[in-house]
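A.B. asks: Predicted model and sequence below, questions to follow.
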Amino acid sequence: MNRYLKPGRLLSGGLLMLASIATAQAGKADKQPAQAPVTFAPVPAGHELASLWNDPEFTRRLLGSYGFASEVEPRMTPEEQATYRDKVVPLLREDQQKARETLESLAQPGASAVFDFTLGNIYFQAEDLTNAVTHFQAAIAKFPDYRRAHKNLGFALVRSGQYAAAIKPLVSTVELDGGDGKVFGLLGFAYASLGRHVSAEAAYRQALVFEPENLDFKLGLVKSAVSTANYDYALALLDELIREYPERENLWSLQANLYIQKEQPAKAIISLEMLRRAGKATPPSLYLLGDLHMSQDAPDLALAAYLDALNLDNGQNPTRALRAAQILVSRNAFDQASQLFVKIRQAPTALSDPDELKLLKLESKVAMSSGAGEKAIETLEQIVQKDPLDGEALLLAGDYYARNGQKEKAELRYQTASAIQGFEADAYVKHAQLLVQSQKYAPAAELLRKAQKVKPRDNVQRYLDKVDQLAKTGRS
């Protein structure tokens, strides 16, 4: 008989009916059958695909792919049908190791592609993705329109991180009328992973036609819209998602970042404050909230957010806390900065030597600005003694001496700092300002020219022009 005669449907609806198999095997053996795995190459909880891939319904569909729909599948000879029904199907239920060994002997070059495909499924379920891909490809080579082989090949390639290779079999699945939510969703994920965000957006839109409530697909669509700078559309999607899932921190954070991209810090603050009041804020989101409050000239609100961040992470990220302190100092929010200094020093995590020096310099800046310069200069000189190449400490010490009429000491600190890479320009400018106070315009102008060669700045150029004019006229 011709081996391609159309067989009857082996399994109703293309699903592996485990209960029927167990019943069919009753009485054949007294031994307790080994339980087959019920997962399909699960991914770790933190993986991007975890919520989609480990979904029980997705697993059920993959397990169901052991069966087949005969009207669109590779045909089998009656002998192959009998072998599959009597040998392979019971082993799939009882002992997948024996099923694999049996299928290895059956999946020969002249045999039906169904054996290769089923063998690929066994390897796939056992997380042997390399062999799974090999056998799915063998099945397709025998039967190019084998829709489920294309589909599972695409899934296996996505699972193994081969996103570029996964696109072709997933697209082939769609072309063979096998497109569903998971096919389009994983196609969108593959496109997005390759930076093809327009294609990813189109795939995610199709996925949502099949599964309109799928959060992963909606988030994928949001990220694709963001990547194509379609912020208004992304924000509209996020508004919908936040109404459905207000407890999800990542949605509020993403919304805030989108408002920042659109240069709407006030709206970003609202998003992060909502997250904070719901008790879902994380240290990074609180630090960002503090930065946004500072951009709106609200140092007290910024300090509150920074302190909450420190309390929440128990001081485990002192470098980020110091960055917040630096922002406060740079905006002359000295009272708020002083409160943050105290909290940083009270944290259980000890500061590293570089962070300790950074904090000491910030404390010195605040001390000098609040009239406690004598204490500050002691600290700065100690820093310089430990590290003579600390340009920032040298400049701060020079500023202190310049303000207190000790010009020779100030000049020495500026000259030393001007020899340190990265501090030359600022040191030249400060030294020049000191000379201008003494009406030494010509040498001051020369220092400013040096500063401009190292780091050209418009404000310094305007200052140089005025000093040059004073040098020529001799007027103060």
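C.D. replies: Yep, it's here.
A.B. asks: and the closest residue to Ala149 other than its chain neighbours, how many neighbours does it have?
C.D. replies: Leaving aside its sequence neighbours, Ala149 sits nearest to Ala139 (C-beta to C-beta, 6 or more residues apart in numbering; 4.2 Å). Where you see a C-beta, it was placed from the backbone N, CA and C, and this is true even at glycine. When counting by other C-beta atoms under 10 Å, one arrives at 28 neighbours for Ala139.
A.B. asks: wait, what's in contact with Ala139?
C.D. replies: Applying C-beta atoms under 8 Å, 6 or more residues apart in numbering to Ala139 gives the contacts 74, 113-114, 116-117, 120, 146, 149.
A.B. asks: do that again at 6 Å, thanks
C.D. replies: Applying C-beta atoms under 6 Å, 6 or more residues apart in numbering to Ala139 gives the contacts 113, 116-117, 146, 149.
A.B. asks: what helix or strand is it on?
C.D. replies: Assigned by DSSP states H and E, Ala139 falls within helix 129-142.
A.B. asks: where's Val43 relative to Phe189, distance?
C.D. replies: As judged by C-beta to C-beta, to the nearest Å, Val43 and Phe189 stand 12 Å apart.
A.B. asks: Compare neighbour counts for those two and give me the winner.
C.D. replies: Each of Val43 and Phe189 has its neighbours counted (other C-beta under 10 Å); Phe189 has more, 24 against 15.
A.B. asks: Point me to the helix or strand that includes the more buried one.
C.D. replies: Per DSSP H and E, Phe189 falls inside helix 181-193.
A.B. asks: Centre of the chain to that helix, how far?
C.D. replies: 18 Å (C-alpha atoms, centre = their mean, to the nearest Å).
A.B. asks: Now Ala410: which helix or strand?
C.D. replies: helix 407-417.
A.B. asks: Tell me the buried residues in that helix?
C.D. replies: Within helix 407-417, the residues that count as buried by 16 or more other C-beta atoms under 10 Å are 409-411, 413-414, 416-417.
A.B. asks: follow-up on the earlier one: show me what the helix holding Phe189 is packed against.
C.D. replies: Packed against helix 181-193 by the contact rule (3 or more C-beta pairs under 6 Å, 6 or more residues apart in numbering; DSSP states H and E) you find helix 163-175, helix 197-210, helix 215-227.
A.B. asks: just to revisit the earlier point, counting by contacts, list what the following helix or strand past the helix holding Ala410 packs against.
C.D. replies: Sequence-wise, the next helix or strand downstream of helix 407-417 (DSSP H and E) is helix 424-437. Where contact means 3+ C-beta pairs under 6 Å, 6+ apart, helix 424-437 is packed against helix 407-417, helix 441-454.
A.B. asks: so how many other residues sit close to Thr115?
C.D. replies: No Thr there; residue 115 is Phe. By other C-beta under 10 Å, the residues close to Phe115 number 26.
A.B. asks: I figured it was touching Ala107, is that so?
C.D. replies: Yes. Between Phe115 and Ala107 there is a contact under C-beta atoms under 6 Å: 4.2 Å.
A.B. asks: which stretches of the protein aren't confidently modelled?
C.D. replies: 1-41, 52, 54, 57-72, 474-476 (pLDDT under 70).
A.B. asks: ok so, going back, between the helix holding Ala139 and helix 163-175, how big is the angle?
C.D. replies: Inter-element angle recorded for helix 129-142 and helix 163-175: 40 degrees (by axes from the mean of the first three to the mean of the last three C-alpha atoms, to 10 degrees).
A.B. asks: got the buried residues for helix 129-142?
C.D. replies: By 16+ other C-beta under 10 Å, the buried positions in helix 129-142 come out as 129, 131-140, 142.
A.B. asks: if we can go back for a sec, restricted to helices, list the contacts of Ala139.
C.D. replies: Among the contacts of Ala139, the members falling in helices (DSSP state H) are 113, 116-117, 149.
A.B. asks: closest to Gln433 among these?
C.D. replies: Closest approach between the ones in helices among the contacts of Ala139 and Gln433, by C-beta to C-beta: Ala149, at 76.5 Å.
A.B. asks: residues in contact with the closest one?
C.D. replies: Here Ala149 is in contact with 117, 136, 139-140 (criterion: C-beta under 6 Å, 6+ apart).
A.B. asks: Out of the residues you listed, which is nearest to Leu395?
C.D. replies: Nearest member of these to Leu395, counting by C-beta to C-beta, is Phe136, at 65.6 Å.
A.B. asks: How many residues are close by the residue nearest to that closest one when sequence neighbours are not counted?
C.D. replies: Excluding the flanking residues, the one nearest Phe136 by C-beta to C-beta, 6+ apart is Leu153, at 3.8 Å. As a burial measure, Leu153 scores 29 neighbours (other C-beta under 10 Å).
A.B. asks: quick revisit: of the contacts of Ala139, which is the most crowded?
C.D. replies: When neighbours are taken as other C-beta under 10 Å, the top entry among these is Ala149 (31 neighbours).
A.B. asks: what's the distance between it and Gly220?
C.D. replies: Noted for Ala149: a distance of 25 Å to Gly220, by C-beta to C-beta.
A.B. asks: thinking again about what came up before, put together TSV for the helices and strands packed on helix 181-193, with distance to Leu322 on each row.
C.D. replies: Conversion of the helices and strands packed on helix 181-193 to TSV gives the following (distance: least, C-beta to C-beta, whole Å):
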stretch	distance to Leu322
helix 163-175	39
helix 197-210	36
helix 215-227	30
